[in-house]
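>>> Sequence below, structure please.
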Amino acid sequence: SKNFSVKWSHSQDSKANPGTSFSASVNFASPSNNRYNANNINQALESQIGSSISYSKTWSKMSLSINGLHNQNTRDSSYNITLPNVTFNVNRFYPFKRKNRVGKERFYEQISLGYGATFQNKISFKAKEIRDPDFFSKLQAGMNHRFSIGLPSFTLLKYLNFSPGISYGMNWHFQEQHPEYNPETNRVEYHKSPQYSTFGVSQDFSASMSMSTRIYGTYMFTLPNSKLKAIRHMITPSMSFSYKPEMGVPMNGYMTYTYTDNNGETQSIDYNKYAGGLYQPPSKGQTAGLSFELRNNLEAKIKDDQDT
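Model (predicted):
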């Protein structure tokens, strides 16, 4: 029986290279290593082990993180490996804001942008599958982009405050699936293309608008012997509206497959060629929502006998 294990632990002094860090905690072993080469009872009974290697770099407005992850089950010889796992972020910034502002702030100077992206390359397998010809077909990869867009708030009729919002996301797909009718089983079967053999994009979008204001009412008590001097009532109504357009379009991978079955009848099914990937395309259907909230706050001003 050929067994091995690799253990490695590393940490970097935070003062060694400010803005950059590197750490590692590796525990990798062949499936039956702990069964025969354990140093103690806990290691012999250990069924789940994992590893993590991480590198990160931070700039004034940006940050980058690159990770390698691994976990395995020594009982059924299953492995899950993510290599690499890359995350890149750009902090929120105001592209139209003047460096040396003169006068009032203009509305477009409140527009802000932010960006985040994650790329992952994963594979799950069992030890006996490493030599299979279709081993690399188990790869799953994808990239997710997140755009943060801040729009300027504004006021109408002096007292109504409006805050618009936009959310936009994008996924990159490196694999597609396509249906094919099998007359022997009388079923539609899906076949996936090799990873990185194609490139596709799916997008998601939504918009929102919220409105709020405040209404005050005050009643003063004039009785000379009354400790209750005043009551103030504050009402805060707010309303928000959100909308997401129809995303179940061919641009997002939604297709229709038509075939003729064994009975000679024409059938059709809807499917998404990016489904089953690491990042799922947006769901079908447009949605809209309206919510209303009303808050009441009562305050009283009471005379204190100890007050001079």
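>>> Would you check that residue 27 makes contact with residue 48?
No. With contact defined as CB atoms under 8 Å, residue 27 and residue 48 do not form a contacting pair (10.1 Å). All C-beta spots, glycine's among them, are computed from the backbone N, C-alpha and C.
>>> okay, these two: which has more neighbours?
Ranked by neighbour count (other CB atoms under 10 Å), residue 27 and residue 48 place residue 27 first, with 17 against 9.
>>> so how far is residue 123 from the more buried one?
19 Å (CB to CB, to the nearest Å).
>>> for residue 207, same thing?
Counting by CB to CB - residue 207 and residue 123 are separated by 38 Å.
>>> Please apply the same query to residue 217.
65 Å.
>>> Settle it for me: which of the two has more neighbours?
Higher neighbour count among residue 217 and residue 123: residue 123, with 17 against 9, using other CB under 10 Å.
>>> which helices and strands sit right next to the helix or strand hosting the more buried one?
Using DSSP states H and E, residue 123 sits in strand 112-126. When contacts are defined as 3 or more CB pairs under 8 Å, 6 or more residues apart in numbering; DSSP states H and E, strand 112-126 packs onto strand 78-93, strand 140-150.
>>> would a markdown table of those with mean pLDDT and distance to residue 16 be doable?
A markdown table is the format used below for the helices and strands packed on strand 112-126 (pLDDT from 0 to 100; distance: least, CB to CB, whole Å):
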| stretch | mean pLDDT | distance to residue 16 |
| --- | --- | --- |
| strand 78-93 | 92 | 22 |
| strand 140-150 | 92 | 32 |
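>>> which one of those strands is the most hemmed in?
strand 140-150 (a mean of 17; mean count of other CB atoms under 10 Å).
>>> what are the pairing partners of that strand, and which direction each?
strand 112-126 (antiparallel), strand 160-173 (antiparallel) (DSSP bridges).
>>> TSV please, covering the ones you listed and showing mean pLDDT and distance to residue 301.
Output for the strands paired with strand 140-150, formatted as TSV (pLDDT from 0 to 100; distance: least, CB to CB, whole Å):
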stretch	mean pLDDT	distance to residue 301
strand 112-126	92	41
strand 160-173	93	27
